[in-house]
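J.: Predicted coordinates and the sequence they were generated for:
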Amino acid sequence: MVKGYFITFEGGEGCGKSTQIKLFADYLRGKGISCLLTREPGGSQGAEEIRALLLKGEANKWDKVTEILLFSAARRDHLVKKIWPTLENGTTVISDRFADSTMAYQGYGYGIDEESIKMVSNTYQMIASNFEPDLTFILDINPEIGIARSIARSGNDEQRFEHMDLTFHHNLRNGFLEIAKQNPKRYAIIDANASIEQVHQDIITQFEERL
Ligand code: T5A
């Protein structure tokens, strides 16, 4: 059986990943490609339990090392219980965030810190070896616009990272761009400041060119 593609969507707060993933999944299904939507942190029962620990509460609730380990533990459970078995079945998996978020948020967000970047990278090797997405869309947005979109959407108590200061959000935007620069074949940078329809069209164009 042919394995499914693993496609991830990344970006700063309120960049529109959830909105775009739904449109992209509709597009794929329209082409007869079966796909499963999932998210991080979370996506499997154990990882969803860890999600609550990570996203609720005070911005400085965890120190950086603990945070990297918790995101990684959730990712390992998600990979073993959901992502790998689904890909083996020939179904495409689309994930709202994956390992690049850990590199951008925990590695670059607090300011470039070589030690944390190395730790994120080593921890990922330990939990996933050489596995990586076939394609990653980075929805690049001006942080002021993204945070305003995020905060305008009410009824969400998982806003620990929205409450980080603006420097953090600029650092992580630069972090995503830096990560993408290292492997232009795998990463497609999409201008997420544009309209929902325009962003969707850009995603489809990149998908058709690359996979
Ligand atoms: N995290 C995660 C880490 O720190 N390390 C890690 O390793 C991982 C995996 C996850 C948090 O955890 C952190 C990062 C995050 O802070 P989350 O709830 O999944 O938490 O939060 P986000 O991933 O940031 O997702 P959001 O739901 O907040 O934002 P989305 O999915 O990017 O945006 P979306 O589609 O919900 O849109 C937000 C609003 O904007 C509107 C939408 O209608 C919606 O109201 N919108 C647009 N408006 C105008 N123009 C457009 N083009 C628009 N697109 C969407």
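T.: On my side now, so go ahead.

J.: What parts of the protein come near the ligand?
T.: Proximity of the chain to the ligand (Cβ under 6 Å from any ligand atom) is limited to residues 13-19, 39-41, 55, 71, 97, 101-102, 105-106, 149-150, 153, 158, 161, 195-196, 199. All C-beta spots, glycine's among them, are computed from the backbone N, C-alpha and C.

J.: in the protein, what spans have low per-residue confidence?
T.: In the predicted model of the chain, residues 154-159, 162 satisfy pLDDT under 70.

J.: Just the buried subset of the residues of the chain next to the ligand, please.
T.: Applying a neighbour-count criterion of 16 or more other Cβ atoms under 10 Å, the buried members of the residues of the chain next to the ligand are 13-17, 19, 39-41, 55, 71, 97, 101-102, 105-106, 149-150, 161, 199.

J.: residue ranges for the helices of this protein, please.
T.: Assigned by DSSP state H, the helices in the chain fall at 17-30, 45-55, 64-78, 84-88, 99-101, 114-128, 143-152, 166-181, 196-210.

J.: Just name the most buried of these.
T.: With neighbours taken as mean count of other Cβ atoms under 10 Å, the helices of the chain reach their highest mean count in helix 99-101, at a mean of 26.

J.: elements contacting that one?
T.: Using 3 or more Cβ pairs under 8 Å, 6 or more residues apart in numbering; DSSP states H and E as the contact definition, the elements that helix 99-101 packs against are strand 6-11.
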